[in-house]
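Q: Build me a structure from this.
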Amino acid sequence: MVDTTLDLAIYSIKAVAHMAGVTEPTLRAWEKRYKILAPKRTESGHRRYTRRDINRVIWLKQRLAEGLAISQAALLLQSQPEEFFVGPGSAEKRATSAASRSSEKAALPPVYHPAQPEGGPVRSPQVLMKQLLEAFLAYDEAAAHNFLTEATSFYSPEIVCINIIQDAMVELGERWAESETTVVNEHFATAICRGRVTAMLEGLPVPQSGPLVLTACAPGELHELGILITTYCLRRHGWRVLYLGQNVPARDLEIELKRLKPALVVFSASLPETAYRLAEEISPVIEQARQEGLVGLLFGYGGRVFKDNAALQGLFKKELYFGNDALDSIALMGKTFRRN
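A: Coordinates of the predicted model:
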């Protein structure tokens with residue numbers, strides 16, 4: 001039965017703020033800057049909202065909690081069909097239901113078209129990953145962004161980052177190794193993914209307390225997507241993390257360790273040569289810092305090369321291996337720095 005009360009404009013801004021869990025000034029700001037609501041007005045000029053409006057605000061708030069910036073979330077909201085807002089959490093329920101029965105073994109589905117029929121099935125992470133990969137291979141930037149937006153709408157940031165973005169890039173790297181694509185194509189895909197993860201990271205609050213963690217790429221290492229995803233996921237889970245970037249030289253690290261006094265430094269390497277440079281150039285800096293006062297400084301390392309060639313982990317026998325993906329890193333952080 002159709003709910004005929006969804007579009008009755010009867011709720012005051014105070015009621016909406018209370019029901020959606022946001023402040024009245026926030027609602028006004030979102031209306032003015034992002035045009036997400038268009039409340040009706042009483043004869044005296046007071047705003048009046050519908051239940052559908054309330055559900056839209058709740059949906060928007062959930063996207064912010066997942067790490068999107070308000071500008072991104074507002075843009076994403078505009079692309080959603082109105083059926084998503086017939087009840088709070090209805091989009092999430094559809095996604096959960098579809099994900100629970102997703103074990104697709106068929107061929108790749110048709111190329112994505114933005115004008116997807118309303119009420120269509122929610123694509124599983126595996127299908128979205130394959131379609132994102134196809135968009136990368138076809139240099140279809142618009143389609144790639146559409147897939148990422150769809151993924152962000154339905155799935156948690158961890159699933160988007162690890163099971164969709166990271167898995168797609170791993171598959172693309174394997175295609176390159178088999179000479180099925182080029183480095184240029186990989187750079188194109190990396191730029192899109194890096195931009196998306198960076199935007200998600202910038203949308204998170206920066207914790208001001210807790211142990212300081214520095215994340216970076218090994219000397220000579222330019223592949224930063226994996227450590228960026230780890231940085232994002234750690235910060236999303238409340239850890240105080242600073243990302244130092246690509247190709248961090250040992251001499252500069254030595255200076256910053258003395259200034260920042262972190263509890264943990266995590267480096268990423270994707271190639272054997274950068275793994276060796278990490279051991280030869282960064283490990284001595286860490287040991288020197290320990291001898292000069294940072295006694296409890298922890299050194300972590302990770303990256304696909306250590307998964308593909310476990311023998312390289314022997315270069316860092318006394319240090320912390322941060323696992324195969326960001327979820328492993330989150331679990332290790334919880335064990336290393338136990339929080340109440």
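Q: contact partners of stretch 284-301?
A: 250, 253-254, 257-258, 261-269, 278, 282-283, 316, 319-322, 332, 336 (C-beta atoms under 8 Å, 6 or more residues apart in numbering). No exception for glycine: its C-beta is placed from N, CA and C like everyone else's.
Q: buried residues in the helix or strand where D252 lies?
A: Using DSSP states H and E, D252 sits within helix 250-260. Across helix 250-260, burial judged by 16 or more other C-beta atoms under 10 Å covers 250, 253-254, 256-257.
Q: now stretch 53-70
A: Buried residues in stretch 53-70 (16+ other C-beta under 10 Å): 53-61, 63-64, 66-70.
Q: Check stretch 22-38 too.
A: Buried residues in stretch 22-38 (16+ other C-beta under 10 Å): 22, 27, 30, 34, 36-37.
Q: Now the phi/psi pair for K35, please.
A: For K35, the backbone dihedrals (degrees, to the nearest 10) come out as phi 50, psi 40.
Q: which residue ranges form the strands in the chain?
A: For the chain, the strands defined by DSSP state E occupy 40-41, 47-48, 212-217, 240-243, 264-268, 298-302, 320-321.
Q: hmm, who's touching the last one?
A: To tie it back to what came earlier, the one meant is strand 320-321. Counting by C-beta under 8 Å, 6+ apart, 264, 266, 298-302, 306, 313, 332, 336 sit against strand 320-321.
Q: so for it, what's the average pLDDT?
A: Mean pLDDT, strand 320-321: 92.
Q: what are the pairing partners of it, and which direction each?
A: strand 298-302 (parallel) (DSSP bridges).
Q: The longest one too?
A: Under the criterion DSSP bridges, strand 212-217 sits next to strand 240-243 (parallel), strand 264-268 (parallel) in its sheet.
Q: Give me the below-cutoff pLDDT ranges for the stretch 1-150 of the chain.
A: 1-5, 81-121 (pLDDT under 70).
Q: so what's the closest residue to L137 other than its chain neighbours up against?
A: Residue nearest to L137 in three dimensions, not counting chain neighbours: T181, with 6.2 Å by C-beta to C-beta, 6 or more residues apart in numbering. Neighbouring residues of T181 by C-beta under 8 Å, 6+ apart: 137, 172, 175.
Q: Most neighbours of all the residues you listed, which one?
A: L172 (22 neighbours; other C-beta atoms under 10 Å).
Q: Got the confidence number for the residue nearest to L137?
A: Reading off the model, T181 has pLDDT 93.
Q: what's the answer for S268, then?
A: pLDDT at S268 comes out at 95.
Q: Does L148 touch C161 like I think?
A: No - look at L148 against C161 with C-beta atoms under 8 Å: they stay out of range, at 10.4 Å.
Q: Tell me which of these two has more neighbours.
A: C161 (30 against 22).
Q: And that one, how close does it get to A168?
A: 11 Å (C-beta to C-beta, to the nearest Å).
Q: got the contacts of T181 as a markdown table, with distance to V213 columns?
A: Compiled in a markdown table, the contacts of T181 are given as follows (distance: C-beta to C-beta, whole Å):
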| residue | distance to V213 |
| --- | --- |
| L137 | 35 |
| L172 | 29 |
| R175 | 33 |
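Q: Closest one of those to S156?
A: L172 (22.7 Å; C-beta to C-beta).
Q: Might you calculate how far stretch 248-257 sits from the centre of the chain?
A: 27 Å (C-alpha atoms, centre = their mean, to the nearest Å).
Q: which residues sit against it?
A: 214, 216-219, 244, 265, 267, 281-282, 284-286, 288-289, 294, 297.
Q: Give the rounded mean pLDDT of it.
A: pLDDT averaged over stretch 248-257 gives 94.
Q: and it, C-alpha only, in PDB?
A: Written as PDB, here are the backbone C-alpha positions of stretch 248-257 (Å, rounded to 0.1, in the frame of the first residue of the first chain):
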ATOM      1  CA  VAL A 248      59.900   9.500   1.800                       C
ATOM      2  CA  PRO A 249      63.700   9.900   2.200                       C
ATOM      3  CA  ALA A 250      65.500   8.500   5.300                       C
ATOM      4  CA  ARG A 251      67.200  11.800   6.100                       C
ATOM      5  CA  ASP A 252      64.000  13.800   6.200                       C
ATOM      6  CA  LEU A 253      62.300  11.100   8.200                       C
ATOM      7  CA  GLU A 254      65.000  11.300  10.800                       C
ATOM      8  CA  ILE A 255      64.400  15.000  11.300                       C
ATOM      9  CA  GLU A 256      60.600  14.600  11.600                       C
ATOM     10  CA  LEU A 257      60.800  11.700  14.000                       C
END
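Q: Any idea how many residues pack against the closest residue to G323 other than its chain neighbours?
A: Nearest residue to G323, sequence neighbours excluded (C-beta to C-beta, 6+ apart): S329, at 5.8 Å. S329 is flanked by 27 other residues according to other C-beta under 10 Å.
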